[in-house]
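Q: Mind looking at a prediction? Sequence and model below.
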Amino acid sequence: MGKLEIEKLHFAYDKATPVIKGIDLELDNRKTAIIGQNGSGKTTFVKLLKGLLRPDSGRILLDGADLATMTVAQIAKQIGLVFQNPDDQIFKSTVLDEVMVGPLNIGQTLDEARASSRAALAQVQLADVEQVNPYDLNLAQRKMVALASILAMDTPIVIFDEPTMGQDAAGKAIIKKVIEDLQAEGKAVLCILHDMDFAAAVFERIIVFSQGQLLLEGDAREVFKQKELLQQAYLDQPQAMKIAHALGIPGDLLTVEEVDSALARPSQ
Amino acid sequence: MSIIEVKDLKYRYPDTTKLALDGISFSVEQGEFIGLIGRNTAGKSTLCYALSGLVPHFFKGAYGGSVEIAGLNVRTTDVSEVTAAAGLVFENPFSQITGSRFTVYEEIAFGLENMGLPRDEMIKRIEEALDLLDIRKVKDKNPFDLSGGQMQRVAIAGVVAMKPKVLILDEPTSQLDPQGSEEVFKVVENLTKEGITIIMAEQKMEKIAQYADRVLLLDDAKLIAYDTPEAVFSRDDLASLGVQPPAVTAIARHLGKRKATGHYPVDLEELKMLLAEEGAAHG
């Protein structure tokens, strides 16, 4: 359940400037992050996966079925997409009502939707504001509301577009926990990120987009050690890896914790 | 005289009961780069609004204390005069770029036309801004065809061309890829050499440590610290204030590697030196 295969995918908003130029990719159960410079096609790609845009050529298979043959409602039960800008998806007057929209739309009963929405709000630590108007919350909190509304739909595939944008340390910790919980529940998690440190600390597989194509993909450690390729794609290595390399610590370390324990070990 | 003087600033948004800024006092010298940090509800954006005149001219509410920018009292001075002295750049370049113009060059001209400047002066200022923000090579392009980093630099150029004494940026790199963020920090630092004072709210602590002269840490509407990046990022209570220090500082703390100042380093080269000293001592 929840397996996406992408074959020779092409897409352009206008024919003169193709945005997705032949992507072949199979998504698996690893927590997966897509990184790439602004305008490299990441958001367009996940909109194609969600069926919000239709490919010009190539196809997307969801559990073996061509996405093009499915209705938006059918896809909605399988794939949840949290938009980058929460205001693209928020329109109700209380936080709880807002979060319940998605679950109700995919056929949960009122009681089920209320229960799943409350559980999702607890997960993003917004349980105490369920009766507040979403627009009385700040941007980082509205992003959490948008996230909760997707969690409440309980889809086998969850896609996040830039969830850490504008989040402080506490917000990032909540998102990290949500992603780990989703994986523990057996769901497929795909996340667009600009935050290399967060990508390195949380995700197992990293996919690098560059100008609408797949530049590089693989285990986080393998991808993040490709310094030149990352720079070519306007990206950067995680801070911890840069520090480890500068200090001559072997092993392409990904996190501050890894660097700490390497330094704590008696040398030779 | 300091370029920014904030004295016991208190502010509450309309229809709210809690102060968004509570007894804030600090001053900034001309050409300084101040990093504004703190958790999301700390009051960073509100302070940006108070420095640029949006508070109290646009957001009304209850106001106490004073903010002076280049000798102008923000509260009692006409808002157009305040915004001429203190330019504000928003988080999202898409919301700053007007979209009514077809080229970067015309986009930068937009604010200047509104100021009613003579044509010669406008051209002179646009040319300067193109160089300062390093966007000359895209001057004939449509702003919406640019990368995020370039677009944010165009947005900043539009504000800089109006020659503010103080430039206030509210998380200007949050939507940018790593190199786009770096470009923005570099050009903003460059502006300090022109005597422009920078106030930048940011979540990227690595970059603040690298570029800011001083860091102002807010929490729960109050000023908690105003000091060098080293001093602020060496605080023991940082985690409880919702701030994660740069990776270098976190590692130095875990290793107990302090500089002679008693602070942990924020810079990788300094950490390397401290570790080398230790190696030499043991060798």
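A: Great, that's in hand.

Q: all contacts plus neighbour counts: C-alpha atoms, from now on.
A: OK.

Q: so residue A:203 touches residue A:221, yeah?
A: No. With contact defined as Cα atoms under 8 Å, residue A:203 does not reach residue A:221; the gap is 10.1 Å.

Q: show me where chain B has strands.
A: For chain B, the strands defined by DSSP state E occupy B:4-12, B:21-28, B:33-37, B:62-69, B:72-73, B:86-89, B:166-170, B:197-201, B:214-219, B:222-227.

Q: Let me fix that, I meant to ask about chain A.
A: All strands of chain A, identified by DSSP E, fall at A:4-12, A:18-27, A:32-35, A:57-62, A:65-66, A:79-82, A:157-161, A:188-192, A:205-210, A:213-219.

Q: Deepest in the core, which of those is it.
A: Across the strands of chain A, the average number of neighbours (mean count of other Cα atoms under 10 Å in any protein chain shown) peaks for strand A:32-35, which reaches a mean of 26.

Q: Which one of the strands of chain B lies nearest to chain A?
A: strand B:33-37 (9.8 Å; Cα to the nearest Cα).

Q: Need the strands of chain A in CSV (columns: distance to chain B and mean pLDDT).
A: Formatted as CSV, those follow (distance: least, Cα to the nearest Cα, whole Å; pLDDT from 0 to 100):
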stretch, distance to chain B, mean pLDDT
strand A:4-12, 15, 97
strand A:18-27, 12, 95
strand A:32-35, 9, 97
strand A:57-62, 24, 96
strand A:65-66, 33, 95
strand A:79-82, 16, 95
strand A:157-161, 11, 96
strand A:188-192, 11, 96
strand A:205-210, 12, 97
strand A:213-219, 16, 96
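
Q: Quick one, which of those strands gets closest to residue B:177.
A: strand A:32-35 (8.7 Å; Cα to Cα).

Q: partners of that closest one in the sheet?
A: strand A:188-192 (parallel), strand A:205-210 (parallel) (DSSP bridges).

Q: Throw the ones you listed into TSV and include distance to residue A:109, thanks.
A: Listed next are those as TSV, based on distance: least, Cα to Cα, whole Å:
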stretch	distance to residue A:109
strand A:188-192	25
strand A:205-210	36
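
Q: sorry, back to before: put together JSON lines for the strands of chain A, with distance to residue B:128 on each row.
A: Below are the strands of chain A laid out as JSON lines (distance: least, Cα to Cα, whole Å):
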{"stretch": "strand A:4-12", "distance to residue B:128": "37"}
{"stretch": "strand A:18-27", "distance to residue B:128": "34"}
{"stretch": "strand A:32-35", "distance to residue B:128": "34"}
{"stretch": "strand A:57-62", "distance to residue B:128": "46"}
{"stretch": "strand A:65-66", "distance to residue B:128": "54"}
{"stretch": "strand A:79-82", "distance to residue B:128": "41"}
{"stretch": "strand A:157-161", "distance to residue B:128": "37"}
{"stretch": "strand A:188-192", "distance to residue B:128": "36"}
{"stretch": "strand A:205-210", "distance to residue B:128": "32"}
{"stretch": "strand A:213-219", "distance to residue B:128": "37"}
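
Q: Quick one: name the residues of the stretch 51-200 of chain B near chain A.
A: Neighbours of chain A within the stretch 51-200 of chain B, by Cα under 8 Å from any Cα of the partner chain: B:147-149, B:171, B:174-180.

Q: Turn the strands of chain B into CSV, including mean pLDDT and mean neighbour count.
A: CSV is the format used below for the strands of chain B (pLDDT from 0 to 100; neighbours: other Cα atoms under 10 Å in any protein chain shown):
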stretch, mean pLDDT, mean neighbour count
strand B:4-12, 98, 20
strand B:21-28, 98, 19
strand B:33-37, 98, 26
strand B:62-69, 97, 19
strand B:72-73, 96, 16
strand B:86-89, 92, 26
strand B:166-170, 95, 25
strand B:197-201, 97, 26
strand B:214-219, 98, 24
strand B:222-227, 98, 17
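
Q: No further questions, thank you.
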